[in-house]
Each structure stands twice: as structure tokens, then as C-alpha cells.
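Visitor: sequence and predicted model, in that order:
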Amino acid sequence: MKPVIAGVLALLLAACTASGVRPDKAHPCLTLSRFPSCLILGQYPLPGDGAFSLSFIHSVSQTPVRDDYQTLDSRIIQTAETFQAHGAGLPSGTDETGVTGWEHHDGHFIIRMQRPIHRLIVRTDRNYRNRLHIDGKEIDLNAWEDQALELAIVPCTAP
């Protein structure tokens with residue numbers, strides 16, 4: 001069994017080298033795909049700090065919300081949620097899962113957290129201006145029809 005695995009790995013390595021992509025250039029990317037079909041819509045290299053954010057208009061309060069995330073290996077951890085008005089589905093106290101602190105600053109509530117996200121699935125709706133913010137870029141998640149999208153950390157390679 002071991003020679004078969006070694007052979008497969010050797011073939012994969014050869015394929016990467018032959019295509020001009022070197023395995024030592026691998027780095028993490030945030031992959032955006034349709035859920036549950038897994039059709040990949042985009043892949044975005046993560047910045048060195050592994051941070052990205054999602055923003056949207058809250059359906060009840062009609063005010064902006066921003067969720068901040070940090071990646072660690074292939075895991076996604078929510079680190080903060082910033083909003084102007086409490087509404088259904090928003091954290092409201094420090095006793096919630098993963099919440100480490102709460103602030104009110106310049107008219108915004110900021111909930112600090114270390115909340116592991118096992119699967120990050122976002123339901124988009126053009127009415128709510130869903131956006132992905134990564135490495136100084138803003139990606140309009142409403143560029144595709146309203147649907148469920150999954151964001152996942154996967155290795156990608158640079159030529």
C-alpha cells in the first residue's frame with residue numbers, strides 16, 4: 001500500500017512542477033463556492049495576517065453590520081462583530097459562545113470574540129449589500145443571484 005501512495009504523491013508533484021506551479025509556493029486562499037453544489041465562484045489569496053471580513057445590511061434594523069474573521073491553518077475564527085443597532089441574530093452580551101468582550105465606540109457596538117466557525121455559509125440577498133473584504137479589496141457577493149455561499153480555506157498556488 002505504501003508504494004502506491006508514494007507513487008500517487010510523486011505523480012501529483014510531477015504534475016504541479018510540469019504545469020509551472022511549484023509546490024513550495026502554496027499558500028492559503030479563501031474559496032467562495034455555491035452551497036450545496038460546491039461550484040467555485042472565486043478564490044482569493046489570504047493576506048499574511050489571514051484576516052477577512054463580511055459586511056451586510058441587517059434585515060431588521062436596516063443598519064450596517066461587519067463580521068471580522070481570522071484564519072488559522074484551514075480554520076476560520078470570528079474575532080468581532082460591529083453594528084449600530086441591536087437586532088435579531090446579533091450578539092447582545094458577554095455570556096454568548098466565544099464572546100470575550102463588548103464595547104460601545106463612536107456609535108457602534110463591537111463584540112470581541114474567539115468563535116470557531118466550522119462551516120461559514122452565507123445567505124446572500126441583493127437587498128442587504130453582502131460584501132467580502134479581503135486584502136484591501138471588496139468583492140460584491142451580490143454579483144451572483146441570491147443564494148447560499150460557502151467560504152472555506154483551501155491551499156492555492158501561485159505561479
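Guide: Now that the structure is in, tell me what you want to look at. Numbers count the residues shown, from 1 in each chain.

Visitor: right, and the helix or strand after the helix-or-strand element of the chain with minimal mean pLDDT?
Guide: Ranking every helix and strand in the chain by mean pLDDT, DSSP states H and E puts helix 2-18 at the bottom, with a mean of 35. Going down the chain from helix 2-18, the next helix or strand is strand 26-34, by DSSP states H and E.

Visitor: starting at the chain centroid, how far to the helix or strand that that next one is followed by?
Guide: Later in the chain than strand 26-34, the nearest helix or strand by DSSP H and E is strand 40-45. In terms of CA atoms, centre = their mean, to the nearest Å, the centre of strand 40-45 is found 11 Å from the chain centre.

Visitor: show me what strand 40-45 packs onto, helices and strands only.
Guide: Under the contact definition 3 or more CB pairs under 8 Å, 6 or more residues apart in numbering; DSSP states H and E, strand 40-45 sits against strand 26-34, strand 137-140, strand 148-157. Every C-beta, even on glycine, is put in place using the N, C-alpha and C of the backbone.

Visitor: ok, Leu54 - contacts?
Guide: Neighbouring residues of Leu54 by CB atoms under 8 Å, 6 or more residues apart in numbering: 66-67, 69, 122, 130-133, 141, 151.

Visitor: returning to that earlier point: turn the helices and strands packed on strand 40-45 into a markdown table, including mean pLDDT and distance to Asp49.
Guide: Shown next, in a markdown table, are these (pLDDT from 0 to 100; distance: least, CB to CB, whole Å):
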| stretch | mean pLDDT | distance to Asp49 |
| --- | --- | --- |
| strand 26-34 | 91 | 12 |
| strand 137-140 | 98 | 15 |
| strand 148-157 | 91 | 14 |
